[in-house]
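Whatever this is, show me its structure:
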Amino acid sequence: MLVHLSAVVLSVTFIYCIVNFILQCYHGTCEFYIGRCIFSVVVSLLVAGWGLKRRSLNWTGVLSGIFVGLIHTYSSYCFLACLFTFFYTSSKATHFQSERKKKIEAEYKEVSLPEVAAELSKNNEIEIVEIRRFVKQNNTQESSPVLVTMLGTRLSGYMKILFTNQRIQSFIDRPCQCTKCYSFMHPSRVCEKTPVCHSCGAIHSGICQVPQKCVNCQGDHLATSKGCPLYIKEQNIMELKCRNHLTTAEARRIYNQSAKVNYASAVKAHAPINDIEGQINGKMEAMLLKMNEKIVGHPDN
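Numbers count the residues shown, from 1 in each chain. So this is what the prediction gives:
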């Protein structure tokens with residue numbers, strides 16, 4: 001009851017401030033107090049920054065609160081009332097947007113994938129090839145993000161669905177790594193090799209008691225480590241594939257060619273240094289020969 005009463009009081013106060021401001025502008029009696037406005041803006045920005053940092057406010061609440069607070073400050077002499085108006089408006093706008101987002105997400109989860117595909121195709125004029133929801137690891141429940149495969153090479157930042165604009169982003173898949181031999185480029189279901197230990201790379205049963213050794217790069221880490229140079233290479237290939245809309249084979253070929261070009265450039269960069277060293281060595285040898293000839297030509301010395 002108290003919350004509703006405060007909302008009514010603030011609404012009436014805000015309407016009064018707007019009407020008062022319009023009448024003052026109409027009669028030419030509106031005065032601009034620069035000090036009061038600057039003080040109000042500074043305090044509002046400090047409060048807004050604190051709220052954003054603690055995630056108790058979002059940008060909708062901050063902008064709404066600043067807008068309402070400025071009008072209230074400009075037309076009223078009570079700064080405490082203006083500050084309270086800012087707090088109340090910001091929190092209400094933040095709460096409204098968060099509740100609206102939760103409601104949309106709840107409705108979005110209840111929509112079937114065929115309906116989502118039809119809605120996307122209708123509102124965005126695209127052709128859907130495949131659509132599926134993400135399933136978290138070790139959990140059979142599907143999550144709300146949806147992976148959409150569509151025809152074309154251009155990707156916009158947003159798509160219209162259910163009367164809202166949903167932000168989209170490119171999906172970069174993880175490198176395909178076999179869980180039997182722990183090499184890349186093929187899944188375990190087609191692997192015909194003998195299973196090896198992911199820690200040492202050897203073939204044995206039971207708990208591994210030897211130091212770690214990657215079966216791919218021979219480094220001192222697990223074969224499944226994301227810090228492995230080969231894993232990083234495969235991840236870069238997958239990103240190149242996604243960013244440029246290539247097949248895995250094309251992305252691998254381009255990546256290997258760029259690696260060779262970089263190596264050749266590095267060799268060419270070191271070539272002038274080797275030439276300079278050769279020239280210096282040649283000049284030093286010539287100087288030593290001349291000094292030796294002078295010493296031999298003057299036996300009295």
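
Can you give me the neighbour number for Gly157?
For Gly157, the number of neighbouring residues by other C-beta atoms under 10 Å comes to 8. For glycine as for every other residue, the C-beta is placed from the backbone atoms N, C-alpha and C.

try the one 4 residues further on
Ile161 is flanked by 20 other residues according to other C-beta under 10 Å.

for Cys197, same thing?
If you count neighbours by other C-beta under 10 Å, Cys197 ends up with 20.

got the contact list for the residue nearest to it when sequence neighbours are not counted?
Nearest-residue entry for Cys197: Cys208, 5.2 Å, with adjacent residues in sequence omitted and distances by C-beta to C-beta, 6 or more residues apart in numbering. For Cys208, the contacting residues are 197, 199-200, by C-beta atoms under 8 Å, 6 or more residues apart in numbering.

Among the residues you listed, which one lies nearest to His186?
Nearest to His186 among those is Cys197, at 18.8 Å by C-beta to C-beta.

Report pLDDT for the closest one.
With respect to pLDDT, Cys197 scores 92.

Just the mean pLDDT for stretch 248-261, thanks.
For stretch 248-261, the mean pLDDT works out to 84.

again but with stretch 117-136, I slipped
For stretch 117-136, the per-residue pLDDT averages 78.

ok, and for it, which residues are buried?
For stretch 117-136, the neighbour count (16 or more other C-beta atoms under 10 Å) marks 117, 119-120, 126, 128 as buried.

Name the nearest of these relative to Cys178.
For the buried residues of stretch 117-136, the nearest to Cys178 is Ile128 (30.9 Å; C-beta to C-beta).

On the strand side of things, show who the closest one bridges to.
Counting by DSSP bridges, Ile128 forms beta bridges with Met150.

pretty sure it is touching Thr149, no?
Yes - at 7.3 Å, Ile128 counts as touching Thr149 under the criterion of C-beta atoms under 8 Å.

Looking at the closest residue to Ser199 other than its chain neighbours now. What's its pLDDT?
Nearest-residue entry for Ser199: Cys208, 4.3 Å, with adjacent residues in sequence omitted and distances by C-beta to C-beta, 6+ apart. With respect to pLDDT, Cys208 has a value of 88.

would Cys208 count as being in a strand?
No - read with DSSP: H, G, I helix; E, B strand; the rest coil, Cys208 is coil and lies in no strand.

sorry, back to before: biggest separation within the buried residues of stretch 117-136, which pair?
Farthest pair in the buried residues of stretch 117-136 (C-beta to C-beta) is Glu119 and Ile126. Separation: 11.1 Å.

on that earlier part again, including distance to Leu222 and secondary structure, could the contacts of Cys208 go into JSON lines?
As requested, these are exported to JSON lines (distance: C-beta to C-beta, whole Å; DSSP: H, G, I helix; E, B strand; the rest coil):
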{"residue": "Cys197", "distance to Leu222": "10", "secondary structure": "coil"}
{"residue": "Ser199", "distance to Leu222": "6", "secondary structure": "coil"}
{"residue": "Cys200", "distance to Leu222": "9", "secondary structure": "coil"}
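
Need those in CSV (columns: distance to Asp220).
Below are the contacts of Cys208 laid out as CSV (distance: C-beta to C-beta, whole Å):
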residue, distance to Asp220
Cys197, 14
Ser199, 11
Cys200, 10
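
Relative to Gln235, which of those is nearest.
Ser199 (21.4 Å).
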